[in-house]
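Chemist: I need the structure of the sequence given here:
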Amino acid sequence: MVGAAAAGGACVLAFPPYDGWPLAVLGVAGLALLTRGVPARRGALLGLVFGVAFFTPLLSWSGLFVGPAPWLLLAASQAAFTAGLGAGLAVVSRLPAWPVWAAMLWVAEEAARSRLPFGGFPWGRLAFSQADSPLSWLAGYGGAPLVTLAVALAGTLLAALAAAAALPRRSSPPRDGRGFGQVGPALAGLVGVAAAAGAASAAGDWQTAPARTVTVAVVQGNVPRLGLDFNAQRQAVLRNHVDATARLAADVTAGRAPRPDLVLWPENASDIDPLRSPDARALIDGAARAVGVPILVGTLADGPTPDTIRNVGIVWDPVTGPGERYVKRHPVPFGEYIPLRPIARLVSREVDRVGRDFVGGDRPGRLTVGPVTVGDAICFEVAYDGLVRDVAGSDLLVVQTNNATFGRGAETWQQLAMGRLRAIEHGRTVLVAATSGVSAVIGPDGHVPARSDVFTADVLVRAVEVRGGSTLATRLGAGPEWVAVAAALGALVAAATGTRRRRTGRTEKESGHE
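Modeler: Numbers count the residues shown, from 1 in each chain. Here you go, the predicted model:
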């Protein structure tokens, strides 16, 4: 159990803010070695311990302002998936070429966790630890699932190499496949993973081509104070973004800053619905007229019923006012809406801070903002492959986010790493607009040429590339993920069938002896 906890802890250190990306491979290797050849029940227990040791610190930011109960329940719910992973690893470890099937199981586990329950929670996918790794370049060919597969395969092959090296020399490989043959095949597999990552890294971001440049301004107005109560100061947050935009306009007029083609405000920049509040509308109108270009405004709007609300990005033109809008498609369960509210209230009274449940939209966030189309993903939506892929053909990808709720925790850095991977995956510039940080400009190669600090007011003005074309990952969509899921399920069936045959054979032999 100590080993499983250590493997989970190693994976934590692979993610921001620690950024020790090779440790993800070691964490996978540790769990693979521990589950190798053990009964499925033992594997499930090891997977559970791994998951608790991994998700509890990784998601600690979720408990900063709502207390420990929701945080620990979230971590436990995610660890339940790694318990299933551990059982699966134990089962397939009896197959020939087991490292391959074990790596496929990691992809399958993440696919399930990204969809279930309540639409899933993809945080902590192996791919999201690799923004600084050569393996990140594989995202352009198969998305986040291919990066996860490469990390997992490197880990399981490393485990196979260690296991094979520890075995006594034999004239033939073990029949149950646990040794993955001999040292040579495992070593060759590791070299193959490294070569694939090296080739993808050397090729770079060739799949999409620069078409033109536009100048963008990302406004981070900041919030009066940390935590959930920043919502009580909605007027101050809105004025912060209006004032920052007015200062930008003054700098443009004075020649201290280039004139932007569009301006981006973050999620919750105006928690006062400007379509209903004349004061909020006047403030935003004034900011748009001052800067003279459209602003993508993060705001709230009433839902279809009095007890619901929507999280919205609205294109605000300096002449015509509010226009196209995107309604967040995937509200966060227990954060933006409360499933099973009476039961959730028994766990934490903090659920009543969400007084009105958010409801999701039904259209992808592809919006025309000035001279470009932007693909808008609001906050946690950047973690969901399909939501980002739906808008990947836009000129620019935008993440409007509000991280003030999570203070100075690791959430903002983990989310930024997701944006970096998405840039490589789709060959697009990604712009992150945050209320309190970190706002950033991310190039199509995943590098960050400009970013803000946390809990400061800032405006990032930058000429960025508009790319044409699409990556193989964009065109393939979820195909690579489903191939891996099918392979994992097939391996489990084959292993279970083989186990039954061996048991039947033993029973027949015993009956014959009698």
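
Chemist: pull out the buried residues from the host helix or strand of Ala423.
Modeler: Using DSSP states H and E, Ala423 sits in helix 411-426. For helix 411-426, the neighbour count (16 or more other CB atoms under 10 Å) marks 411-426 as buried. Every residue, glycine included, has its C-beta placed from N, CA and C.

Chemist: what is the subsequent helix or strand relative to it?
Modeler: Trace forward from helix 411-426 with DSSP H and E and the next one is strand 430-434.

Chemist: could you list every helix and strand in contact with that next one?
Modeler: strand 209-220, strand 396-401, helix 411-426, strand 440-442 (3 or more CB pairs under 8 Å, 6 or more residues apart in numbering; DSSP states H and E).

Chemist: pull the distance from it to the chain's centre.
Modeler: Centroid displacement of strand 430-434 relative to its chain, using CA atoms, centre = their mean, to the nearest Å, is 15 Å.

Chemist: ok and that strand relative to strand 396-401, angle-wise?
Modeler: Orientation check (axes from the mean of the first three to the mean of the last three CA atoms, to 10 degrees): strand 430-434 against strand 396-401 gives 20 degrees.

Chemist: in what helix or strand does Gly198 lie?
Modeler: helix 183-203.

Chemist: which residues are in contact with that helix?
Modeler: 99, 133-135, 137-138, 140-141, 150, 153-154, 157-158, 160-161, 164-165, 180 (CB atoms under 8 Å, 6 or more residues apart in numbering).

Chemist: could you export it as CSV, CA atoms only?
Modeler: Backbone C-alpha positions of helix 183-203 (Å, rounded to 0.1, in the frame of the first residue of the first chain) are rendered in CSV as follows:
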residue,chain,number,x,y,z
VAL,A,183,14.5,-7.2,-21.7
GLY,A,184,14.9,-6.5,-25.4
PRO,A,185,11.3,-6.0,-26.4
ALA,A,186,10.6,-3.8,-23.4
LEU,A,187,13.6,-1.7,-24.1
ALA,A,188,12.8,-1.5,-27.8
GLY,A,189,9.3,-0.3,-26.9
LEU,A,190,10.7,2.5,-24.7
VAL,A,191,13.0,3.5,-27.5
GLY,A,192,10.0,3.6,-29.9
VAL,A,193,8.0,5.9,-27.6
ALA,A,194,11.0,8.2,-27.2
ALA,A,195,11.5,8.2,-31.0
ALA,A,196,7.9,9.0,-31.7
ALA,A,197,7.9,11.9,-29.2
GLY,A,198,11.3,13.1,-30.6
ALA,A,199,10.0,13.0,-34.2
ALA,A,200,6.8,14.9,-33.3
SER,A,201,8.8,17.5,-31.3
ALA,A,202,11.2,18.0,-34.2
ALA,A,203,8.4,18.4,-36.7
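
Chemist: how far out from the middle of the chain is that helix?
Modeler: With CA atoms, centre = their mean as the basis, helix 183-203 stands 25 Å off its chain's centre.

Chemist: just the closest of the buried residues of helix 411-426 to Gly321, please.
Modeler: Taking CB to CB as the measure, Gly321 lies nearest Gly419 of the buried residues of helix 411-426, at 29.6 Å.

Chemist: which ones are touching the closest one?
Modeler: Listed by CB under 8 Å, 6+ apart, the contact set of Gly419 reads Val382, Val399, Val430, Val432, Ala440, Ile442.

Chemist: make JSON lines from these and add pLDDT, neighbour count and distance to Ala257 to it.
Modeler: Converted to JSON lines, the contacts of Gly419 look like this (pLDDT from 0 to 100; neighbours: other CB atoms under 10 Å; distance: CB to CB, whole Å):
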{"residue": "Val382", "pLDDT": "98", "neighbour count": "25", "distance to Ala257": "28"}
{"residue": "Val399", "pLDDT": "98", "neighbour count": "29", "distance to Ala257": "23"}
{"residue": "Val430", "pLDDT": "98", "neighbour count": "30", "distance to Ala257": "22"}
{"residue": "Val432", "pLDDT": "98", "neighbour count": "32", "distance to Ala257": "20"}
{"residue": "Ala440", "pLDDT": "98", "neighbour count": "23", "distance to Ala257": "18"}
{"residue": "Ile442", "pLDDT": "98", "neighbour count": "27", "distance to Ala257": "21"}
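
Chemist: farthest pair in these?
Modeler: Pairwise distances across these peak at 11.9 Å for Val382 and Ala440 (criterion: CB to CB).

Chemist: just the C-alphas of the helix or strand where Leu34 lies, formatted as PDB.
Modeler: Here Leu34 sits within helix 22-35, counting by DSSP H and E. Provided in PDB are the C-alpha atoms of helix 22-35 (Å, rounded to 0.1, in the frame of the first residue of the first chain):
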ATOM      1  CA  PRO A  22       8.800  12.600 -16.000                       C
ATOM      2  CA  LEU A  23       7.300  11.600 -12.600                       C
ATOM      3  CA  ALA A  24       4.100  10.700 -14.400                       C
ATOM      4  CA  VAL A  25       5.900   7.900 -16.200                       C
ATOM      5  CA  LEU A  26       7.400   6.700 -12.900                       C
ATOM      6  CA  GLY A  27       4.000   6.800 -11.200                       C
ATOM      7  CA  VAL A  28       2.500   4.700 -13.900                       C
ATOM      8  CA  ALA A  29       5.400   2.300 -13.700                       C
ATOM      9  CA  GLY A  30       5.000   1.900 -10.000                       C
ATOM     10  CA  LEU A  31       1.300   1.000 -10.200                       C
ATOM     11  CA  ALA A  32       2.000  -1.400 -13.000                       C
ATOM     12  CA  LEU A  33       4.600  -3.200 -11.000                       C
ATOM     13  CA  LEU A  34       2.500  -3.400  -7.900                       C
ATOM     14  CA  THR A  35      -0.600  -4.800  -9.800                       C
END
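
Chemist: which strands and helices sit next to the very next helix or strand once past that helix?
Modeler: The helix or strand immediately downstream of helix 22-35 is helix 40-58, counting by DSSP H and E. Contacts defined by 3+ CB pairs under 8 Å, 6+ apart place helix 40-58 against helix 2-14, helix 22-35, helix 68-92.

Chemist: can you flag the weakest of those by average pLDDT?
Modeler: Lowest mean pLDDT of the helices and strands packed on helix 40-58: helix 68-92, a mean of 94.

Chemist: quick one, that one and helix 40-58 angle?
Modeler: 140 degrees.

Chemist: using PDB, write out every CA atom in stretch 234-253.
Modeler: In PDB, the C-alpha atoms belonging to stretch 234-253 read as follows (Å, rounded to 0.1, in the frame of the first residue of the first chain):
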ATOM      1  CA  ARG A 234     -20.000  42.500  -8.500                       C
ATOM      2  CA  GLN A 235     -20.100  46.200  -9.200                       C
ATOM      3  CA  ALA A 236     -16.400  46.600  -8.200                       C
ATOM      4  CA  VAL A 237     -15.300  43.700 -10.500                       C
ATOM      5  CA  LEU A 238     -17.100  45.200 -13.400                       C
ATOM      6  CA  ARG A 239     -15.600  48.600 -12.800                       C
ATOM      7  CA  ASN A 240     -12.200  47.100 -12.600                       C
ATOM      8  CA  HIS A 241     -12.500  45.700 -16.100                       C
ATOM      9  CA  VAL A 242     -14.100  48.900 -17.400                       C
ATOM     10  CA  ASP A 243     -11.300  51.000 -15.900                       C
ATOM     11  CA  ALA A 244      -8.600  48.700 -17.200                       C
ATOM     12  CA  THR A 245     -10.100  49.000 -20.700                       C
ATOM     13  CA  ALA A 246     -10.300  52.700 -20.400                       C
ATOM     14  CA  ARG A 247      -6.600  52.900 -19.500                       C
ATOM     15  CA  LEU A 248      -5.800  50.700 -22.500                       C
ATOM     16  CA  ALA A 249      -7.800  53.100 -24.700                       C
ATOM     17  CA  ALA A 250      -5.800  56.000 -23.300                       C
ATOM     18  CA  ASP A 251      -2.500  54.200 -24.000                       C
ATOM     19  CA  VAL A 252      -3.600  53.600 -27.500                       C
ATOM     20  CA  THR A 253      -4.500  57.300 -28.100                       C
END
